[in-house]
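Enquirer: coordinates for the following, if possible.
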Amino acid sequence: MERKPKPELDRDFIVDQLERVCSDTKIHRHDIAIPCPFKAHSNPKPSCMVHLSGHKTGVGVFHCWKCDAKGGWPRLAEALGLEYGENYAPQNPFSAKSRAMKQIRADADEQLEARYRDFMPLGVTPWEHGAFRGLPEEFLVKVGAKRFYDDQTECYRIVFPVKNKNGTTLGSVARRTDKGTFMPWLNAPGPWARRALFPLHILDRPLETVVLVEGSFDSLRLCYLGIPALSILGASNWTPTKLSTLQGMGCKKLIICMDGDKAGRIAEAQIFEETADKIKRKRFRLPINVADPVDPGNMNEELIEALREFGGF
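Expert: Below you'll find the predicted structure:
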């Protein structure tokens with residue numbers, strides 16, 4: 001006889017069920033405490049610990065530290081008068097919500113993909129609108145800048161293709177051209193940003209020394225000023241694949257220059273740690289200023305010159 005797969009429990013389901021029938025509960029990091037349903041203890045305060053994290057002990061496993069009652073979720077659910085059976089997990093309202101949210105995201109991704117062709121938005125036109133963020137039109141066109149109207153956010157955007165070392169387009173990044181703050185950036189759909197660097201296609205080979213930065217305009221500004229720089233396309237997008245790409249293009253030394261904020265420091269630490277003993281690297285730290293954040297795209301001339309000297313450019 002074929003065995004049916006064991007229903008899957010999750011934290012939210014357990015908490016929801018227990019809080020429906022237990023008058024006194026205390027949620028901790030890895031478990032929830034409830035009054036013991038197996039013995040009437042003199043002190044009715046929560047003494048039965050029900051595991052929630054699933055890290056070392058299964059979710060729903062319980063143990064009362066007063067009477068030593070222990071077991072799995074079926075026994076506890078039965079003692080509390082909760083429904084238990086093969087179909088209890090699919091009826092979990094939180095699981096249903098999670099599945100619904102995943103479907104919504106999948107539908108949104110599908111709609112977004114329909115608005116792109118070859119990783120560039122439909123309806124792009126040549127960039128013929130002058131300088132943008134201090135970069136002249138000629139340089140922007142060299143990088144591959146285009147313009148399009150984004151119906152979703154009702155604004156125009158400047159969009160750049162993101163290519164690999166062979167010139168093949170992997171994705172694209174688009175920035176609002178107005179002063180709106182809602183969705184300032186829009187990337188082409190897909191996980192391509194986890195393996196891409198920008199603007200790889202305009203840098204001379206071999207690269208020798210490269211400045212790694214977070215944002216697209218950070219790298220564009222430094223490249224325009226004659227400093228070879230590549231964006232990792234977001235503080236959380238560094239991967240070992242990017243190091244392999246750099247080494248394959250002759251890079252021998254990295255200058256890590258992330259934004260002057262908490263996310264930048266975290267990204268810097270990750271890159272510095274993961275490149276240890278693999279390539280020469282140094283950190284060029286920008287000052288942290290919460291009120292007016294500093295990044296390679298807006299740092300002053302003094303910092304620019306310090307970076308030139310630091311990297312030997």
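
Enquirer: which parts of stretch 284-302 are buried?
Expert: 284, 286, 294, 295, 296, 297, 298, 299 (16 or more other Cβ atoms under 10 Å). All C-beta atoms are positioned from the backbone trio N, CA, C, and that covers glycine.

Enquirer: quick check: chain neighbours aside, which residue is closest to the third one?
Expert: Going back to what we said before, that points to residue 294. residue 260 (4.0 Å; Cβ to Cβ, 6 or more residues apart in numbering).

Enquirer: please apply the same query to the fifth one.
Expert: Leaving out its chain neighbours, the residue that sits closest to residue 296 by Cβ to Cβ, 6+ apart is residue 218, at 3.9 Å.

Enquirer: doesn't that neighbour belong to a helix?
Expert: Yes - the assignment for residue 218, made by DSSP: H, G, I helix; E, B strand; the rest coil, places it in a helix.

Enquirer: read off the pLDDT value for it.
Expert: Note on residue 218: pLDDT of 97.

Enquirer: neighbours of it, how many?
Expert: Residues contacting residue 218 under the criterion other Cβ atoms under 10 Å number 25.

Enquirer: touching, it and residue 299? I think so.
Expert: No - the criterion here is Cβ atoms under 8 Å, and residue 218 misses it with residue 299 at 9.1 Å.

Enquirer: any low-confidence regions in the stretch 51-200 of the chain?
Expert: Under the criterion pLDDT under 70, the flagged ranges of the stretch 51-200 of the chain are 54-56, 83-114.

Enquirer: would you map the strands across it?
Expert: 62-64, 70-71, 116-117, 120-121, 125-126, 146-150, 155-163, 169-176, 185-187 (DSSP state E, counting those that start in this stretch).

Enquirer: mind putting these in CSV, distance to residue 51 and mean neighbour count included?
Expert: Converted to CSV, the strands of the stretch 51-200 of the chain look like this (distance: least, Cβ to Cβ, whole Å; neighbours: other Cβ atoms under 10 Å):
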stretch, distance to residue 51, mean neighbour count
strand 62-64, 7, 21
strand 70-71, 11, 15
strand 116-117, 45, 13
strand 120-121, 48, 20
strand 125-126, 58, 10
strand 146-150, 47, 18
strand 155-163, 45, 21
strand 169-176, 42, 20
strand 185-187, 39, 18
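
Enquirer: I'd like those strands laid out as JSON lines, including distance to residue 270.
Expert: Shown next, in JSON lines, are these (distance: least, Cβ to Cβ, whole Å):
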{"stretch": "strand 62-64", "distance to residue 270": "38"}
{"stretch": "strand 70-71", "distance to residue 270": "41"}
{"stretch": "strand 116-117", "distance to residue 270": "30"}
{"stretch": "strand 120-121", "distance to residue 270": "30"}
{"stretch": "strand 125-126", "distance to residue 270": "38"}
{"stretch": "strand 146-150", "distance to residue 270": "32"}
{"stretch": "strand 155-163", "distance to residue 270": "21"}
{"stretch": "strand 169-176", "distance to residue 270": "21"}
{"stretch": "strand 185-187", "distance to residue 270": "20"}
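
Enquirer: about what we covered before: separation between the residue nearest to residue 296 and residue 193?
Expert: In this view, residue 218 and residue 193 are 15 Å apart by Cβ to Cβ, to the nearest Å.

Enquirer: domain ranges for the protein, per the record?
Expert: 11-80, 116-192, 197-312 (the TED database).

Enquirer: the first one: end-to-end distance?
Expert: Using Cα to Cα, to the nearest Å, the span of domain 11-80 from its first residue to its last is 17 Å.

Enquirer: also the longest one?
Expert: Between the opening and closing residues of domain 197-312 we find a distance of 22 Å, counting by Cα to Cα.

Enquirer: repeat that for stretch 24-37.
Expert: OK, stretch 24-37 end separation, Cα to Cα: 12 Å.

Enquirer: ditto for stretch 255-262
Expert: Stretch 255-262 has an end-to-end distance of 18 Å (criterion: Cα to Cα).

Enquirer: quick one: buried residues of that stretch?
Expert: Buried residues in stretch 255-262, counted by 16+ other Cβ under 10 Å: 255, 256, 257, 258, 259, 260, 261.

Enquirer: restricted to helices, list those residues.
Expert: Judged by DSSP state H, the buried residues of stretch 255-262 include no members of helices.

Enquirer: surely residue 242 is in a helix?
Expert: Yes - secondary structure of residue 242 (three-state DSSP): part of a helix.

Enquirer: so it makes contact with residue 193?
Expert: No - shown here, residue 242 and residue 193 do not form a contact pair, counting by Cβ under 8 Å, at 10.2 Å.
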